[in-house]
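Asks: what's the 3D shape of this:
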Amino acid sequence: MFVTPDGKKVFVVDGHTHLWDAREANRRNRYGLTFIEVFWNSHNGLTPEGQRWPWDRFQYYGVENAAKDLFVDGYVDRAIMMPTYLYEFYNQGFNTVEQCSALKAYRPDNVILAGRIDPREGEAGLDRLEADHARWGFRSVKMYTAEWRGESKGYSLKEEHVGRYLEKCRALGIDIIHIHKGPTIHPLNSDAFDVRDVDDVATAFPDLKFVIDHCGIPRIDDFCWIANQEPNVYGGLSVVHGFIHMRPKYFASMMADLLFFVGEDRLLFGSDYGIHSPKWLVEDLMAFEFDDATAQEAGTGLTLDVKAKILGLNAARLYGIDVPAECYRAPPVAMRHAAE
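Replies: Here you go, the predicted model:
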C-alpha cells in the first residue's frame, strides 16, 4: 500500500499485469519480435529516466523480479494477471494463465489470476474454460478481440458465438469480463480494437461487469459515451495512466473526460506491468493535481477520495477483496449521466 505524507494508507490493486516471455527462443515468427518491440517503444517513450529496463530484462523478467517490482517496490497489495496468449506469434504463448500461475504460486495472497476466452474456439474453448476454471477458480476472464487465430485477424463482440461464452461465464460464476480495447499493436488490426461493440454485450448481459482495459484509447470519446449509458461498464486505466509523466496535459484531459462521463467509482488503476512498473505510476498519481479549469471540466478535483478509489477501492469492491481496516476509505458517489 501507499502511505501519504500525513500517514494515510492507500490500498492498491494493480488491475492489469502480465508475466510474459518474448525471448527469441519463444518467438514463432517475425511478429513475435515486432509485437514486443511496440511494448518496448512505449516503455522507453513514456517511462521516466532511471526507471527504464534493459532490453533483455524487458523480454523476460521472471517471477522474482515481478514480485519485487509489484509487491516490494511498487506498493501493490493485489495484482490481477491478464493473459494474452498470441500463439500465432509465440511458440509457448506470450503470457498464458499457466505462465502467470507461477507468480500466483510464488505470492498466492497477492495475485489474482484472470482466465482467458476466445469465442472463435467453439466447443473446445468452452470445455477448456470449464477445465481451467476448475483448476484455478477464476473470478474474471480476459477477451482480446484483436488476437489472430489462423486466418482470422480478430472478431467483434456483436458476433453470435460471443454470447455463448458469456453465458458459460455466467453459469460458472465468472461475472467480470475484461476486454482489451486499446492502441493498435503491430501487426494487429486497428478495427479489431474498436470499442463500439461494447454496448451490445453490456446491454445483453446486465448482470456481468465489463472492464474495458485501456478505455478504448485512442477511441476514448466513444468509450466515454458508451460507459456513460451502460452502468456495468468500467474503465481500466492502463495505457491511459502511462502518459502521466511525459504527457501530463494529455493525461489530465483524458482523466477529466473519464471522471465526468464514467465517474470516479468505475475507474481502475492498471500499470500494464511490465510495460511500466507501478512504483512511479502510483507516486506520480498521488502527486498529480488538476488545475482549476480541468477540475471544473471533470466535475471533481483529483482528491484523496478519487485517488484512493482509482488505485484500489474500486477494484476491491468489484472483485470482493477485503481492504484492511487501517486503510483509507472513500464512499461511492451517485452515478451521473451526461445526457441529464
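Asks: ranges for the helices of this structure?
Replies: Secondary structure of the chain (DSSP state H): helices located at 30-46, 55-59, 62-67, 97-106, 122-136, 160-172, 198-204, 220-229, 248-261, 278-287, 292-298, 304-308, 314-319.
Asks: If you average the pLDDT over the last one, what comes out?
Replies: Per-residue pLDDT over helix 314-319 has a mean of 98.
Asks: Okay, buried residues for it please.
Replies: 314-316, 318-319 (16 or more other Cβ atoms under 10 Å). C-beta coordinates here come from the backbone N, C-alpha and C atoms, glycine included.
Asks: List the residues that contact the closest residue to K142 other than its chain neighbours.
Replies: In space, K142 comes closest to H178 once its chain neighbours are excluded; the distance is 4.6 Å by Cβ to Cβ, 6 or more residues apart in numbering. Neighbouring residues of H178 by Cβ atoms under 8 Å, 6 or more residues apart in numbering: 16, 82, 114, 140-143, 211, 213, 236.
Asks: Now with 10 Å, please.
Replies: By Cβ atoms under 10 Å, 6 or more residues apart in numbering, H178 lies in contact with 15-16, 80, 82-83, 114-116, 140-144, 209-213, 234, 236, 268, 270.
Asks: again, but for L19
Replies: Per Cβ under 10 Å, 6+ apart, neighbours of L19: 60-63, 65-67, 79, 81-83, 95-96, 99-104, 106, 111, 273-274.
Asks: Among those residues, name the buried ones.
Replies: Applying 16+ other Cβ under 10 Å to the contacts of L19 flags 60-61, 63, 66-67, 79, 81-83, 95-96, 99-101, 103-104, 106, 111, 273-274 as buried.
Asks: returning to what we had before: of all the buried residues of helix 314-319, which two lie farthest apart?
Replies: Put simply, by Cβ to Cβ the two of those set farthest apart are N314 and Y319, 9.6 Å from each other.
Asks: and for the two, which residues touch both?
Replies: Common neighbours of N314 and Y319 (Cβ under 10 Å, 6+ apart) are 13, 15, 268.
Asks: By neighbours, which of these wins?
Replies: Compared across the shared contacts of N314 and Y319, G15 has the highest neighbour count, 31 neighbours, by other Cβ atoms under 10 Å.
Asks: Does that one touch L268 like I think?
Replies: Yes: contact criterion Cβ atoms under 10 Å: G15 and L268 qualify, at 4.3 Å.
Asks: Overlap in contacts, the two.
Replies: With Cβ under 10 Å, 6+ apart as the test, G15 and L268 both reach 80, 178, 211, 213, 234, 236-238, 310-312, 314-315, 318-319.
Asks: Closest one to D199 out of the buried residues of helix 314-319, please.
Replies: Checking these one by one against D199 (Cβ to Cβ), the nearest turns out to be L318, at 19.3 Å.
Asks: List the contacts of that closest one.
Replies: 13, 15, 139-140, 175-176, 209, 211, 234, 265-266, 268.
Asks: let's see it at 7 Å
Replies: 176, 209, 234 (Cβ atoms under 7 Å, 6 or more residues apart in numbering).
Asks: Buried among the residues you listed? Make that a ChimeraX selection.
Replies: Typed into ChimeraX, the next command selects the buried ones out of the contacts of L318 (criterion: 16+ other Cβ under 10 Å):
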select :176,209,234
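Asks: Mark which of the contacts of L318 are part of strands, please.
Replies: Among these, DSSP state E puts 176, 209, 234 in strands.
Asks: So which of those residues is the closest to V201?
Replies: Nearest to V201 among the ones in strands among the contacts of L318, with distances taken as Cβ to Cβ, is K209, at 11.3 Å.
Asks: Hmm, I179 and that closest one touching each other?
Replies: No: assessed by Cβ atoms under 7 Å, K209 is found out of contact with I179, at 10.9 Å.
Asks: Show the model's pLDDT score for P332.
Replies: pLDDT at P332 comes out at 84.
Asks: ok, it - how many residues close by?
Replies: Residues lying near P332 (other Cβ under 10 Å) number 13.
Asks: Let me see the contact set for it.
Replies: D265.
Asks: Could you pull up phi and psi at it?
Replies: Dihedral pair for P332: phi -60, psi 160, per degrees, to the nearest 10.
Asks: Q92 and N26, how far apart?
Replies: Applying Cβ to Cβ, to the nearest Å, one obtains 6 Å for the distance of Q92 from N26.
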